[in-house]
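> Sequence first, then the predicted structure:
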Amino acid sequence: MIGEHRHSAKSEMIDVREFRENVKQRAVHETTPIPRIYDEECAKAILSTAAIAILPSEREI
């Protein structure tokens with residue numbers, strides 16, 4: 001059970017890292033305001049409750 005928990009946490013960190021990269025890439029390549037990009041990416045992302053809990057705010061990105 002401990003191994004599964006670690007795997008889950010690792011998976012969530014990967015999901016959050018991908019979310020951050022998506023926001024950053026869009027911010028670099030688009031003229032859309034960052035708060036809007038952040039909100040759009042949140043709406044598109046399929047994240048677990050735990051991943052949402054560790055998701056950085058738009059200011060932290």
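That came in fine, so what should we check first?
> CA atoms for contacts and neighbours, from now on please.
Noted.
> which helices and strands does the strand or helix carrying R26 pack with?
Element membership for R26 (DSSP states H and E) is helix 2-29. For helix 2-29, the contact count by 3 or more C-alpha pairs under 8 Å, 6 or more residues apart in numbering; DSSP states H and E identifies helix 34-44, helix 49-54 as packing neighbours.
> Adding distance to M13 and mean neighbour count, write the ones you listed out as CSV.
Converted to CSV, those look like this (distance: least, C-alpha to C-alpha, whole Å; neighbours: other C-alpha atoms under 10 Å):
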stretch, distance to M13, mean neighbour count
helix 34-44, 15, 15
helix 49-54, 7, 13
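> what bits of the chain have low per-residue confidence?
Within the chain, the segments meeting pLDDT under 70 span 1-8.
> still on that earlier bit, now do the buried residues in the helix holding R26.
E12, M13, D15, V16, F19, R20, V23, K24, R26, A27 (16 or more other C-alpha atoms under 10 Å).
> Appreciated, that's everything.
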